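Student: using only what follows, build the 3D model:
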Amino acid sequence: MKKILLSIVAIIIIGLVIIYFFMPGTMFGIVKKLERKAGGLAQKSVIVNGMNIQYLEGGSGDPLVLIHGFGANKDNWTRISKFLTPHFNVIAPDLPGFGESGKNPEEKYTIKDQAVFLKRFLNQININKSIHLGGNSMGGNIAGQYASLYQGDLKSLLLIAPGGVVSSKPSELFQMLKNGEQNPLVVRSAKEYENLLSFVFVKKPFIPRPIKGFLVAEAIKNQDLNKKIFEQIKDSSLNNPMESLVKNINVPTLIVWGAQDRVLHSSGAKILEAIMKNSKAIVLENIGHAPMIEIPEETAKLVLDFHKKK
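Tutor: Numbering: from 1, shown residues only. Okay, here's the model as predicted:
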């Protein structure tokens, strides 16, 4: 019996080693499922305007809708969700063109178009009132646009390093683009993916090498669509800046920004706080562009404390 048990254990170990090194997509799927389960989230799907939209949902309470940034996806919220799902019904979609949702090169991806699509998505899943809406980067810009269009839907806003604050100091990203350098957010090689991680984070999250290789391949595959989307959101932000979108927003708003953000300059935090009457800005030292990934527990605590006090 002991020999049989040892043989079974050996077979399991060998199987896991094979999956780890030779089936990175499968390994990545397993890791995602484990992280989602730990966050109290389950994957769901819905058809919106003929497009398949994948999203994560879990928890109880008022809906907290979380919108990812450019080049990202719904799993940017899995690490923070385990601290939020005991208090909110967390909903995190893959926006069109990202993650596992539909990708149509002919679709319009301006900030306003994405906010209108978000409204349709939420209507489709019967979430249309008492919404707490949050977003990071491009997702924060979309959240601001959504608030300007549908303020009556909202109970609060969470803006984590939102895009579109045109009067902020120029970030390192926009200085690079002004100088004609390659956009570090659009990946064309494994080296550029490593550079992207260093650009976005102060403390890079650990990603096993086989899984990282899978992510690199996905990023390279999507580079042409990402270029198109980036140009559309950049142009729409210049034409309709965040400052004008949120100037009449009265819902309680928490603004969180990493002081070492190289993508979007943290000076935007105080600019938005000055414009939005019912807002609070917090700038976190030694943190980059995505605090909900870099320090999920601390970021969640800021959100929960804000909701206790408002």
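Student: poorly predicted segments of the stretch 151-300 of the chain, please.
Tutor: Within the stretch 151-300 of the chain, the ranges that satisfy pLDDT under 70 run 210.
Student: all helices of it, in order?
Tutor: 172-178, 190-200, 209-221, 223-239, 242-246, 267-275, 291-294, 296-309 (DSSP state H, counting those that start in this stretch).
Student: could you dump these to a markdown table with mean neighbour count and distance to E35?
Tutor: C-beta coordinates here come from the backbone N, C-alpha and C atoms, glycine included. Listed next are the helices of the stretch 151-300 of the chain as a markdown table, based on neighbours: other C-beta atoms under 10 Å; distance: least, C-beta to C-beta, whole Å:
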| stretch | mean neighbour count | distance to E35 |
| --- | --- | --- |
| helix 172-178 | 15 | 28 |
| helix 190-200 | 16 | 18 |
| helix 209-221 | 16 | 12 |
| helix 223-239 | 17 | 24 |
| helix 242-246 | 22 | 31 |
| helix 267-275 | 19 | 28 |
| helix 291-294 | 24 | 11 |
| helix 296-309 | 16 | 11 |
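Student: of these, which approaches I67 most closely?
Tutor: With C-beta to C-beta, the closest approach to I67 among these belongs to helix 291-294: 11.5 Å.
Student: and that closest one, what other elements does it pack with?
Tutor: For helix 291-294, the packing partners by 3 or more C-beta pairs under 8 Å, 6 or more residues apart in numbering; DSSP states H and E come out as helix 78-84, strand 154-162, strand 253-258, helix 296-309.
Student: how far does that helix sit from the chain's center?
Tutor: Counting by C-alpha atoms, centre = their mean, to the nearest Å, helix 291-294 is centred 10 Å from the centre of its parent chain.
Student: now swap in stretch 288-299 and tell me
Tutor: Distance, centroid of stretch 288-299 to centroid of chain: 11 Å (C-alpha atoms, centre = their mean).
Student: using CSV, list the CA coordinates for stretch 131-138.
Tutor: Presented in CSV, the C-alpha positions along stretch 131-138 are these (Å, rounded to 0.1, in the frame of the first residue of the first chain):
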residue,chain,number,x,y,z
ILE,A,131,-23.5,51.4,-7.6
HIS,A,132,-20.1,51.9,-6.1
LEU,A,133,-17.9,52.4,-9.2
GLY,A,134,-14.1,52.1,-9.3
GLY,A,135,-11.4,52.1,-11.9
ASN,A,136,-7.7,52.2,-12.4
SER,A,137,-5.9,54.2,-15.1
MET,A,138,-8.0,54.0,-18.2
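Student: what does that stretch rub up against?
Tutor: Applying C-beta atoms under 8 Å, 6 or more residues apart in numbering, the contact partners of stretch 131-138 are 62-70, 72, 76, 88, 111, 114, 122, 140-143, 146-147, 153-163, 233, 263-264, 289-290, 292, 303, 307.
Student: now with 6 Å?
Tutor: For stretch 131-138, contacts defined as C-beta atoms under 6 Å, 6 or more residues apart in numbering pick out 62-67, 69-70, 142-143, 153-158, 160-161, 163, 233, 290.
Student: mark which of these are buried, thanks.
Tutor: 62-67, 69-70, 142-143, 153-158, 160-161, 163, 233, 290 (16 or more other C-beta atoms under 10 Å).
Student: give me the pLDDT for M27.
Tutor: Looking at M27, its pLDDT is 58.
Student: same thing with the one 4 residues further on?
Tutor: Note for V31: predicted pLDDT of 71.
Student: now it. Nearest residue, chain neighbours left out?
Tutor: Nearest residue to V31, sequence neighbours excluded (C-beta to C-beta, 6 or more residues apart in numbering): I211, at 6.6 Å.
Student: ditto for P184
Tutor: Closest residue in space to P184, ignoring its immediate chain neighbours: F199 at 4.8 Å, by C-beta to C-beta, 6+ apart.
Student: again with D62
Tutor: Using C-beta to C-beta, 6+ apart and skipping residues adjacent in sequence, the residue nearest D62 is S130, 5.3 Å away.
Student: for the stretch 1-150 of the chain, what spans make up the helices?
Tutor: 2-22, 24-38, 78-84, 111-124, 138-150.
Student: confidence-wise, which of those is weakest overall?
Tutor: Among the helices of the stretch 1-150 of the chain, helix 2-22 scores lowest, at a mean of 42.
Student: which residues does S156 contact?
Tutor: Going by C-beta under 6 Å, 6+ apart, S156 touches H132, V251, P252.
Student: please apply the same query to R79.
Tutor: Counting by C-beta under 6 Å, 6+ apart, R79 has contacts I293, P296.
Student: and the gap between it and A72?
Tutor: As judged by C-beta to C-beta, to the nearest Å, R79 and A72 stand 13 Å apart.
Student: next: Q260.
Tutor: In terms of C-beta to C-beta, Q260 sits 18 Å off from A72.
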